[in-house]
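*Asks:* I would like to see how this sequence folds:
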Amino acid sequence: MNKTLKRLTGFVLVCIMMFSLVGCGEKTEKTSKGEEFPTKPVTIVVPWGVGGGVDVFARKVASYGEKYLGQPVIVENRTGGAGTVAMTSFVGDPDDGYTMIAANGPLFSLTPNFQKVQYSLDDITPLIGIRTVAFVALTNPEKSGLSTIEDIKAYSDAGNTIKYATTGGPGNDGYTVLAVLFEKLGVNAEAVPFDGGLDAINALVGGHVDVSIGSPPVYAEYVKSGQLVSLGTFVPETIEVDGLEPQLSFREQGIDMDFTGLDYFAVRSSVDTEKQEVLTQFIKDVYADPEFQEFMKELDLPPFEAGADELLEIVAKQTEDMNEYVELIK
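*Replies:* Okay, the predicted model is just below:
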């Protein structure tokens, strides 16, 4: 287990222990209706598995619940269905402000193109951004002998099928952008869906797949050690991750596609606006905390502090872009 995984695993365990030990704080607010809020633990629903980028981010934010919200904050992973299991259950949760979700853009811009969903964008109100995501496609040359786009084309031309790990099934962003990439390359490829980024990277490290998708906190240490190799990033321009060589975008490599992931905290749209403001301020306080900033800097996970209007505009633009890609792979 490399340093990053040890640190992420240790962090998750510490978060679980902290919740079992802490008591309730006294920092509550009164709404205009005279209701104190919050007076009990708040839950953050994460639609993906433990140890992925969003899970790590949400658990770090949750660890400040006592300090800035006066109550413990719990992270609950509800995996499956490319995130739809979590979102469907979330819109059925009480709208009392005690449950947030770490949503992403594709749950609304992409997933409904692949499966019938029981929710819409009108069911939620974004509070604040979590991060924009520069996904990268990776190989494990020691296991597969593949380290470049040309290697992958030659492997496919020889009659082989590329197996690629995704962070979810059809409707998931990782599934879609990798499928589009292979379609544009004319490569025979087969998806192997997992429930999160950590599981997908572990499958690549173990040699169970030929290609995987990942975000910096999960793959960076493997690339630094030379165990994994980056084929390129899906964002439009070269990215620089601390300690790594600059990673060219696929568009810069002559492949006509790009995608930038987006995650954000949200509540049900029917939650009282004053409670929304309390939760938003809690997260803003966490983002401003020097220790939080240092932790996220080390993981190359800077918070994306966008408000509701900007987030909704991005999701709308993402929906427009995704319609083109979906037609390629349906």
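
*Asks:* stretch 157-174: end-to-end distance?
*Replies:* 24 Å (C-alpha to C-alpha, to the nearest Å).

*Asks:* and it, what's buried?
*Replies:* For stretch 157-174, burial by neighbour count (16 or more other C-beta atoms under 10 Å) applies to 162-174. Using the backbone N, CA and C atoms, a C-beta is placed for each residue, glycine as well.

*Asks:* next one: stretch 233-248
*Replies:* 233, 234, 235, 239, 241, 244, 247.

*Asks:* and which of the buried residues of stretch 157-174 is nearest residue 53?
*Replies:* Of all these, the one with the least separation from residue 53 (C-beta to C-beta) is residue 167, at 9.4 Å.

*Asks:* before we move on, the earlier item: tell me which two in the buried residues of stretch 157-174 are the farthest apart.
*Replies:* Once C-beta to C-beta is applied, those give 162 and 171 as the farthest pair, at 20.7 Å.

*Asks:* centroid residue for the chain?
*Replies:* Centroid check for the chain by C-alpha atoms, centre = their mean gives residue 54 as the closest residue, at 4.2 Å.

*Asks:* and the gap between that residue and residue 326?
*Replies:* Residue 54 is 23 Å from residue 326, where distance means C-beta to C-beta, to the nearest Å.

*Asks:* do residue 143 as well
*Replies:* 31 Å.

*Asks:* compare the two (neighbour count), which wins?
*Replies:* residue 326 (19 against 16; other C-beta atoms under 10 Å).

*Asks:* neighbours of the closest residue to the more buried one other than its chain neighbours, just the number please.
*Replies:* Closest residue to residue 326 apart from its sequence neighbours, by C-beta to C-beta, 6 or more residues apart in numbering: residue 113 at 4.6 Å. Residues lying near residue 113 (other C-beta under 10 Å) number 18.

*Asks:* what do you get for residue 76?
*Replies:* 14.

*Asks:* pick the one among the buried residues of stretch 233-248 closest to residue 92.
*Replies:* residue 234 (32.8 Å).

*Asks:* what is the mean pLDDT for stretch 112-120?
*Replies:* What stretch 112-120 shows for mean pLDDT is 91.

*Asks:* dump that stretch to CSV, restricted to CA.
*Replies:* The C-alpha trace of stretch 112-120 is given here as CSV (Å, rounded to 0.1, in the frame of the first residue of the first chain):
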residue,chain,number,x,y,z
PRO,A,112,-30.9,10.1,-17.5
ASN,A,113,-29.7,9.4,-21.1
PHE,A,114,-28.9,5.8,-20.1
GLN,A,115,-31.5,4.9,-17.5
LYS,A,116,-34.9,6.0,-16.2
VAL,A,117,-34.3,8.0,-13.0
GLN,A,118,-36.8,9.0,-10.3
TYR,A,119,-35.4,12.5,-9.7
SER,A,120,-34.7,15.7,-11.5
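
*Asks:* pull out the buried residues from that stretch.
*Replies:* 112, 113, 114, 117, 119.

*Asks:* right, I'll call it a day here.
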